[in-house]
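**Student:** Quick one, structure for this:
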Amino acid sequence: MIRKPFTYFIVLLSLLIISCSPYTELLKSSDNELKYTKMLEYYNKKKYSKVDELIEQIQPAFRGSEKAENIAYIKAQSSYKQKDYITAASNFRSFANAFPTSKNAEEANFLSAYCSYKESPRSSLDQTNTLNAMNALELFKRLYPKSDKVPEANRLLDELQTKLEKKDLDIALLYYKMDDYLAASTSFKNFIKDYPESQFKEQALYYILKCKFEVAQNTIYQNQKERFIEASEAYDEYISSFPTGQYTDRAKALNAVISKYVPADTKKEETSNQ
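**Tutor:** Model (predicted):
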């Protein structure tokens, strides 16, 4: 029974101390110049939550003044340093639009794009954020073609491009794993059409061969020769592109089986008829 009033006393004392703290008094103050100065101090001390709270109070008061640019820039940097990339991307974009001639405009445009890049999810998820990031990086390159950040922008673009390719490739592979070889073959062909220079092109060509081979093996006897001819053509396309590739040995093993159904003279006959 004695401890309960003591607990209440400690709680009340804590609240009293908080309510009388210098920071609380600062928030209650109407001195915006003081708040601006303290905001800079808190930013340098990496106390970003206090920075955000003070900026929310003083930004309207300084709109149109010489300090407005610095406040907007610190606001964006604060959210960025807290790894709140969605907010940071928006803040940097707003800064660049509001102060296009600022010495920090180039960095703001790049960091806005970079924050969008950081929000790009793994390849198995929806890639809307990835596309947004790529658009932002391309815009940065158009705005600042001579920037020393262009190589980094290109590196990020390559990484995001690979992620898009990986997603489409995985969809095609999923069809293959489900034994839906016709859908898989179509998906792999579309993949090559969409990404002709992809690092995954060899894998796609090899799986087209595998799909054609599986269809040929599982088709009715009357259509089997025709299907194996299609598989043979898929092999020719693969081997002409990657004669010493990662999947070459496996492709040759499949072709050894295909050749039993499609003799060399049959292939020549099919070619001459075309």
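
**Student:** all contacts plus neighbour counts: C-alpha atoms, from now on.
**Tutor:** Noted.

**Student:** Is residue 216 in a helix, a strand, or coil?
**Tutor:** Assigned state for residue 216: helix (three-state reduction, DSSP: H, G, I helix; E, B strand; the rest coil).

**Student:** likewise residue 246?
**Tutor:** coil.

**Student:** now swap in the one 5 residues further on and tell me
**Tutor:** Three-state call for residue 251 (three-state DSSP): helix.

**Student:** Give the burial count for it, as a bare number.
**Tutor:** Other residues lying near residue 251 total 22 when counted by other C-alpha atoms under 10 Å.

**Student:** That one is in contact with residue 205, isn't it?
**Tutor:** No. Using C-alpha atoms under 8 Å, residue 251 and residue 205 do not qualify as a contacting pair, with a distance of 10.0 Å.

**Student:** which residues sit in contact with residue 167?
**Tutor:** 123, 124 (C-alpha atoms under 8 Å, 6 or more residues apart in numbering).

**Student:** go on, residue 225?
**Tutor:** 216, 261, 262.

**Student:** likewise residue 163?
**Tutor:** 122, 123.

**Student:** what about it, distance to residue 129?
**Tutor:** Distance, residue 163 to residue 129, using C-alpha to C-alpha, to the nearest Å: 12 Å.

**Student:** Likewise for residue 108?
**Tutor:** From residue 108 over to residue 129 (counting by C-alpha to C-alpha), the distance is 19 Å.

**Student:** Mind checking which of the two has more residues around it?
**Tutor:** Using other C-alpha under 10 Å, the more surrounded residue of residue 108 and residue 129 is residue 108, with 27 against 16.

**Student:** does the more buried one belong to a helix or a strand, and which?
**Tutor:** helix 105-118 (DSSP states H and E).

**Student:** Output the longest helix belonging to the chain.
**Tutor:** helix 150-177 (DSSP state H).

**Student:** That one: which residues count as buried?
**Tutor:** If you call a residue buried by 16 or more other C-alpha atoms under 10 Å, then helix 150-177 has these buried ones: 150, 153, 156-157, 160-169, 171-173, 175-176.

**Student:** and the next helix or strand after that helix, which residues are buried?
**Tutor:** Per DSSP H and E, the first helix or strand lying C-terminal to helix 150-177 is helix 181-194. Neighbour-count burial for helix 181-194 flags 181, 182, 183, 184, 185, 187, 188, 189, 190, 191, 192 (criterion: 16+ other C-alpha under 10 Å).

**Student:** C-terminal to the helix or strand of the chain with the lowest mean pLDDT, what's the next element?
**Tutor:** Least confident helix or strand of the chain, by mean pLDDT, DSSP states H and E, is helix 3-19 with a mean of 49. Toward the C-terminal end, the helix or strand that comes next after helix 3-19 (DSSP H and E) is helix 22-28.

**Student:** List the contacts of the next helix or strand after that next one.
**Tutor:** The helix or strand immediately downstream of helix 22-28 is helix 32-44, counting by DSSP H and E. The contact list for helix 32-44 (C-alpha under 8 Å, 6+ apart) reads 26, 27, 48, 50, 51, 54, 55, 58, 61, 74, 78.

**Student:** Now do the longest helix of the chain, average pLDDT.
**Tutor:** Averaged across helix 150-177, pLDDT comes to 98.

**Student:** chain center to it: distance?
**Tutor:** 9 Å (C-alpha atoms, centre = their mean, to the nearest Å).

**Student:** what angle do it and helix 181-194 make?
**Tutor:** 160 degrees (axes from the mean of the first three to the mean of the last three C-alpha atoms, to 10 degrees).

**Student:** tell me the angle helix 150-177 makes with helix 105-118.
**Tutor:** Using the same axes, to 10 degrees: helix 150-177 against helix 105-118 is 20 degrees.

**Student:** Leaving out chain neighbours, which residue sits closest to residue 113?
**Tutor:** residue 136 (4.9 Å; C-alpha to C-alpha, 6 or more residues apart in numbering).

**Student:** Show me how the record splits this structure into domains.
**Tutor:** 29-166, 178-274 (automatic domain parsing).

**Student:** quick one, phi/psi of residue 50?
**Tutor:** phi -70, psi -40 (degrees, to the nearest 10).

**Student:** Please report the distance of the closest residue to it other than its chain neighbours from residue 52.
**Tutor:** Using C-alpha to C-alpha, 6+ apart and skipping the chain neighbours, the partner closest in space to residue 50 is residue 42 (6.8 Å). Distance, residue 42 to residue 52, by C-alpha to C-alpha: 10 Å.

**Student:** Please consider this matter closed, and thank you.
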